[in-house]
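Peer 1: No letters, just coordinates:
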Ligand code: CMC
């Protein structure tokens with residue numbers, strides 16, 4: 001962190017002496033005012049529910065310029081990574097800070113693809129769930145349980161343990177997500193095939209059966225790989241902050257990632273892709289394109305409680321760059337599968353068109369986010385709606401690990417412990 005030339009001065013209207021606060025500069029983006037000594041100097045906390053103005057850490061992994069609609073992983077624009085790299089290159093970049101050279105790439109791909117199998121006992125653990133359990137409930141349990149199955153890599157303070165746990169998580173997540181799916185539909189689990197690509201192997205475990213050979217469709221493989229890249233990291237969002245907070249107590253990496261998965265499940269976060277597709281299907285059932293206008297009126301009515309899922313973002317106040325890439329992938333996948341006339345895609349485009357021209361959305365700078373089109377792509381591939389957030393969790397695992405490891409290596413890291421403005425009853429006695 002670099003100290004800025006200027007300082008911030010906090011003055012009080014009650015005559016208390018003003019306080020000078022240091023200001024730090026990042027490499028890009030807004031400066032931050034360092035308030036760490038504020039309580040010691042003034043006896044006051046800052047108040048910022050939802051962290052609207054709070055930088056919780058310093059980070060060198062992902063940068064978002066919400067006004068421009070720019071997303072950089074380690075400095076590289078998401079558009080370039082999505083077109084020139086694959087997901088495992090992106091994982092390497094996020095974890096290690098640089099893109100791999102040819103040898104590093106080869107070694108990393110081999111390493112990840114060699115550890116895709118899970119402990120055989122895990123399937124018996126999985127069989128304890130109801131068949132109709134939501135995959136996110138199953139995944140939260142399975143990922144938390146990894147610490148019971150791989151307890152030789154649970155010391156968060158040991159860099160070697162962290163490295164082994166990172167590879168295990170990235171390698172095994174597709175296997176666990178596919179197992180959660182197969183269990184729900186009553187089909188046998190498919191063992192991974194390590195000669196396939198990361199995305200290809202996932203498709204094989206999802207849609208292959210022991211009865212016949214499964215041929216990976218390269219267009220769908222590429223589309224899935226892109227979904228993984230676009231979801232790999234997104235700086236200090238709710239689930240990443242959860243992972244950091246959870247890991248700050250010194251808990252093991254599997255437990256910290258399970259906490260992230262639980263947070264991701266919510267419809268305001270990773271659950272939005274599922275909620276978005278359900279919303280489009282609802283509009284379709286209730287009259288389709290002809291009823292879009294009526295639905296949009298409901299969205300704008302504050303009393304209706306209806307939100308346009310897949311729209312809006314805490315940071316992006318412009319088109320989410322991931323949404324543009326996802327729309328491109330959507331076109332490719334639908335063309336490959338002969339679904340260009342897919343009514344849900346037509347409906348989504350119509351919703352987007354109306355929203356982009358409507359004052360309500362324009363004034364609030366509400367644009368499509370990554371989830372707006374990702375559900376249509378996944379549905380076309382054959383992924384059930386209830387598994388969408390699981391796919392997001394699979395892809396985001398690398399970001400969570402990179403952020404967790406960055407925090408643990410930061411000499412300034414402390415256990416996360418926010419304070420509060422207490423509004424309850426002062427001390428009183430039981431009668
Ligand atoms: N539909 C209708 N109105 C909206 C929407 C929406 N999707 N999003 C925000 N608004 C309105 C909101 O009601 C508020 O209006 P007003 O100023 O009149 O009170 C204004 O826009 C500002 O919204 P906010 O709730 O203060 O914004 P936030 O930063 O707290 O919330 C959000 C961001 C993503 C939770 C929210 O936009 C939302 O719920 N969107 C729908 C869910 C969604 O698509 N989430 C996926 C996010 S991207 C994937 C991920 O990172 O997980």
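Peer 2: It's in. Since this is a predicted model, take the numbers as computed values, not measurements. Numbering: from 1, shown residues only.

Peer 1: okay, CA-based contacts and neighbour counts for the rest of this
Peer 2: OK.

Peer 1: How far does the longest helix seen in the chain sit from its chain's centre?
Peer 2: In the chain, with assignment by DSSP state H, the single longest helix is helix 159-185. How far helix 159-185 lies from its chain's middle: 16 Å, per Cα atoms, centre = their mean, to the nearest Å.

Peer 1: If you count contacts, what does it end up packed against?
Peer 2: Other elements packing on helix 159-185 under the criterion 3 or more Cα pairs under 8 Å, 6 or more residues apart in numbering; DSSP states H and E are helix 102-114, helix 135-149, helix 198-207, helix 253-264, helix 388-409.

Peer 1: If you count neighbours, what's buried in the next helix or strand after the first one?
Peer 2: Stepping forward along the backbone from helix 102-114, the first helix or strand reached (DSSP states H and E) is helix 122-126. Of the residues in helix 122-126, those buried under the neighbour-count criterion (16 or more other Cα atoms under 10 Å) are 122-123, 126.

Peer 1: repeat for stretch 104-120
Peer 2: Those would be 108-109, 112-118, for stretch 104-120 by 16+ other Cα under 10 Å.

Peer 1: Quick check: mean pLDDT of it?
Peer 2: Mean per-residue pLDDT for stretch 104-120: 96.

Peer 1: What residues does this structure have near the ligand?
Peer 2: 268-270, 272, 299, 307-314, 364, 369-371 (Cα under 6 Å from any ligand atom).

Peer 1: now, which of the residues you listed lie within helices?
Peer 2: 272, 299, 371.

Peer 1: I'd assumed residue 278 was in contact with residue 310.
Peer 2: No: contact criterion Cα atoms under 8 Å: residue 310 and residue 278 do not qualify, at 11.1 Å.

Peer 1: More neighbours: those two, which one.
Peer 2: A count of neighbours by other Cα atoms under 10 Å puts residue 310 above the other of residue 310 and residue 278, at 29 against 16.

Peer 1: pLDDT score for that one?
Peer 2: For residue 310, the model assigns a pLDDT of 90.

Peer 1: Please report how far the closest residue to it other than its chain neighbours lies from residue 73.
Peer 2: Nearest non-adjacent residue to residue 310, counting by Cα to Cα, 6 or more residues apart in numbering: residue 372, 4.2 Å away. As judged by Cα to Cα, to the nearest Å, residue 372 and residue 73 stand 21 Å apart.

Peer 1: So which of these two has more stuff around it?
Peer 2: residue 372 (29 against 23).

Peer 1: Once you drop chain neighbours, what's closest to residue 233?
Peer 2: With Cα to Cα, 6+ apart, the residue lying closest to residue 233 is residue 399, at 4.4 Å.

Peer 1: if I look at that neighbour, how far off is residue 76?
Peer 2: Counting by Cα to Cα - residue 399 and residue 76 are separated by 15 Å.

Peer 1: give the contact list for the residue nearest to residue 233.
Peer 2: 91, 94-95, 232-234, 240 (Cα atoms under 8 Å, 6 or more residues apart in numbering).

Peer 1: for the stretch 201-350 of the chain, what spans make up the helices?
Peer 2: 218-230, 238-247, 253-264, 272-285, 292-300, 321-336, 343-357 (DSSP state H, counting those that start in this stretch).

Peer 1: okay if I get these as a markdown table plus distance to residue 417 and mean pLDDT?
Peer 2: Converted to a markdown table, those look like this (distance: least, Cα to Cα, whole Å; pLDDT from 0 to 100):
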| stretch | distance to residue 417 | mean pLDDT |
| --- | --- | --- |
| helix 218-230 | 31 | 97 |
| helix 238-247 | 8 | 98 |
| helix 253-264 | 16 | 96 |
| helix 272-285 | 28 | 91 |
| helix 292-300 | 37 | 92 |
| helix 321-336 | 33 | 93 |
| helix 343-357 | 40 | 89 |
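
Peer 1: surely residue 114 meets residue 195?
Peer 2: No: Residue 114 lies out of contact with residue 195 (Cα under 8 Å); the separation is 9.2 Å.

Peer 1: which outside residues touch stretch 378-396?
Peer 2: Here stretch 378-396 makes contact (Cα under 8 Å, 6+ apart) with 134-136, 139, 170, 173-174, 177, 181, 220, 227-229, 231-233, 261, 264-265, 270-271, 273-274, 277-278, 333-334, 337, 375.

Peer 1: Now residue 250. Nearest residue, chain neighbours left out?
Peer 2: residue 156 (6.3 Å).
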